[in-house]
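Student: structure, please.
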Amino acid sequence: MSRLVYLDTCCVIYLLEEAQPFSTLIRQHLENNLDAILCVSTLVRLESLVKPSIDGNQALVEDYEIFLAEQHWLTIDDNVFAKALNLRIKHKIKTPDALHLATAIENGCTEFWTNDNRMNEAANQLAVNIFQTVSQ
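Tutor: Now for the predicted structure:
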């Protein structure tokens with residue numbers, strides 16, 4: 001059975017920019033989770049495109065656009081904003097983190113792949129730091 005897995009922006013950046021050792025770890029994690037439906041949002045797109053756009057790296061911008069277009073897109077609506085507000089207040093996480101997490105929760109994701117251990121408490125165990133061995 002397929003699982004909806006939300007990719008935090010860091011995962012997308014590590015993967016597409018070949019940031020080692022993270023790129024290798026995420027590729028291995030993807031190979032071990034072939035049943036996962038990878039989910040993104042417009043916020044992932046925004047955050048991913050900032051640096052290559054500033055740098056004028058159009059080839060990398062295009063790589064991001066191609067990769068993101070192939071993923072399952074989740075909606076950020078009023079329910080997501082309400083959940084994000086609640087998460088931000090209750091757990092004192094940053095607004096973008098609250099929006100990412102709320103998007104995953106409100107759209108029924110079963111996992112939230114990230115490199116941020118702080119997200120686990122707010123995510124009620126939904127967050128999975130797939131880079132745990134490196135980030136410790």
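Student: SS state for the most far-flung residue of the chain relative to its centre?
Tutor: Relative to the C-alpha centroid of the chain, counting by CA atoms, centre = their mean, Gly56 is the outermost residue, at 23.5 Å. Under DSSP: H, G, I helix; E, B strand; the rest coil, the three-state class of Gly56 is coil.
Student: just the pLDDT for it.
Tutor: pLDDT, Gly56: 98.
Student: so how far is Ile66 from it?
Tutor: Noted for Gly56: a distance of 18 Å to Ile66, by CB to CB, to the nearest Å. From N, CA and C alone the C-beta is placed, and that goes for glycine too.
Student: tell me where the protein has strands.
Tutor: Assigned by DSSP state E, the strands in the chain fall at 3-7, 36-40, 72-73, 111-114, 127-129.
Student: return the most buried member of these.
Tutor: Among these, strand 111-114 has the highest mean neighbour count (mean count of other CB atoms under 10 Å), at a mean of 25.
Student: ok now do His29, which residues does it touch?
Tutor: Residues counted as contacts of His29 (CB atoms under 8 Å, 6 or more residues apart in numbering) are 113, 130.
Student: can you give me the distance of it to Asn115?
Tutor: Counting by CB to CB, the gap from His29 to Asn115 is 12 Å.
Student: circling back: can you report phi and psi for the residue farthest from the centre of the chain?
Tutor: Main-chain torsions, Gly56, degrees, to the nearest 10: phi 70, psi 30.
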